[in-house]
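*Asks:* Everything below, folded, please.
(one chain, ligands or ions: 1)
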Amino acid sequence: MERILEVQGLTRRFGGLTAVSNVSFAVEKGEIFGIIGPNGAGKTTLFNVIAGHFQPSAGTVSFLRHDISGHSSDEIARRGIARTFQSVHVFGEHTVAENLRRAGVIRHCHHPFAYFSPQARTREGKADLNEVARFIGLADYLDSPAGSLAYGLQKILGIGMAMMVSPQLLLMDEPAAGLNPSEKRAAGMLIRRLRDELGITILIVEHDMPLVMGICDRILVINRGQQIALGSPDEVKADDSVIEAYLGEDYEFA
Ligand SMILES: Nc1ncnc2c1ncn2[C@@H]1O[C@H](COP(=O)(O)OP(=O)(O)OP(=O)(O)O)[C@@H](O)[C@H]1O
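*Replies:* Alright, predicted model coming up:
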């Protein structure tokens with residue numbers, strides 16, 4: 001197994017608050033790796049430091065053995081790390097095809113209107129738009145305005161947009177948030193296919209326990225910025241400190 005991501009002693013402070021405190025873990029290539037913990041535990045902050053949206057206060061992040069700590073989010077994306085967002089981040093008035101194309105181009109351009117510039121139009125993303133649309137099941141919607149899709153499909157489109165940069169590592173921030181039960185099942189299956197069929201390594205922050213426990217190979221649990229457990233779903237479910245901090249004695253995983 002090859003390590004794709006290594007986080008060492010990562011700390012992020014906001015003034016007097018330590019949102020992430022000395023967190024260390026490594027993700028193997030091809031893993032679906034979950035991060036769980038109560039509200040305010042520091043999960044999104046950890047994600048944002050890995051993705052280059054926040055500088056670390058201390059510690060390092062290495063991607064494929066290159067130290068990427070403190071690099072800009074653009075640089076990190078160019079190296080092969082993409083992310084999806086908890087809330088929908090599509091351009092509602094643009095078609096599904098335009099959203100996908102735009103997501104593939106942004107990686108190469110820096111200013112906000114880059115997509116509309118003549119240079120940008122000549123540079124296509126690495127992934128094939130039609131293949132991505134087929135993979136995520138939106139091939140029949142390519143000409144529809146993204147804003148006309150159901151919320152669940154807009155979140156699926158967000159995953160497709162991240163795929164347009166052909167990432168090796170995909171950071172997914174609460175992919176199941178706001179979805180109904182059948183949409184959650186579909187999202188879980190899509191995440192598995194991203195790994196199984198495309199070989200994309202997945203790092204996922206999620207509150208939906210059946211989804212996390214069902215798809216993750218290993219799970220890191222954090223509470224108040226500190227890591228309290230790391231292991232397989234079964235190990236984490238049985239860990240006393242996890243039950244106390246997060247899951248509760250009578251937690252149902254089904
Ligand atoms: N930009 C910021 N400025 C100041 N404090 C912040 C900032 N971002 C997060 N925090 C604080 O850091 C702590 C961790 O927040 P974070 O959003 O990372 O938690 P989380 O585990 O993702 O929570 P949730 O599950 O509710 O999304 C919280 O106390 C939060 O208020």
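*Asks:* Could you look up the next helix or strand downstream of the biggest helix by length in the chain?
*Replies:* Of all the segments of type helix in the chain, defined by DSSP state H, the longest one is helix 181-198. As assigned by DSSP states H and E, the chain's next helix or strand after helix 181-198 is strand 201-205.
*Asks:* Which strands and helices lie in contact with that next one?
*Replies:* strand 3-14, strand 17-28, strand 32-36, helix 43-50, strand 169-173, helix 181-198 (3 or more C-beta pairs under 8 Å, 6 or more residues apart in numbering; DSSP states H and E). All C-beta atoms are positioned from the backbone trio N, CA, C, and that covers glycine.
*Asks:* What pairs with the fifth one, parallel or antiparallel?
*Replies:* With DSSP bridges as the criterion, the sheet partners recorded for strand 169-173 are strand 81-84 (parallel), strand 201-205 (parallel).
*Asks:* Throw those strands into a markdown table and include distance to the ligand, thanks.
*Replies:* Output for the strands paired with strand 169-173, formatted as a markdown table (distance: least, C-beta to the nearest ligand atom, whole Å):
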| stretch | distance to the ligand |
| --- | --- |
| strand 81-84 | 14 |
| strand 201-205 | 7 |
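*Asks:* Nearest to residue 27, out of those strands?
*Replies:* Evaluated over the strands paired with strand 169-173, closeness to residue 27 peaks at strand 201-205, with 6.1 Å, by C-beta to C-beta.
*Asks:* Work out the gap between that closest one and the centre of the chain.
*Replies:* 5 Å (C-alpha atoms, centre = their mean, to the nearest Å).
*Asks:* who's in contact with that strand?
*Replies:* 4-5, 27-36, 43-44, 46-47, 50, 168-175, 191, 194-195, 212, 215-216 (C-beta atoms under 8 Å, 6 or more residues apart in numbering).
*Asks:* Write out the residues of the protein neighbouring the ligand.
*Replies:* For the chain, the residues in contact with the ligand (C-beta under 6 Å from any ligand atom) are 14, 17, 19, 37, 39-45.
*Asks:* rerun that using 8 Å as the cut-off
*Replies:* 14-15, 17, 19-20, 37-48, 54, 86, 174, 205, 207, 222, 225 (C-beta under 8 Å from any ligand atom).
*Asks:* Buried only: go through those residues for me.
*Replies:* Taking 16 or more other C-beta atoms under 10 Å as the criterion, what is buried in these is 19-20, 37, 41-48, 54, 86, 174, 205, 207, 222, 225.
*Asks:* low-confidence ranges in the stretch 101-250 of the chain?
*Replies:* 106-126, 249-250 (pLDDT under 70).
*Asks:* how about the helices in it?
*Replies:* Using DSSP state H, counting those that start in this stretch, the helices found in the stretch 101-250 of the chain span residues 118-122, 129-136, 151-163, 181-198, 209-215, 233-237, 240-242.
*Asks:* Okay, angle between the second one and helix 181-198 too, please.
*Replies:* Relative orientation of helix 129-136 with respect to helix 181-198: 130 degrees, computed using axes from the mean of the first three to the mean of the last three C-alpha atoms, to 10 degrees.
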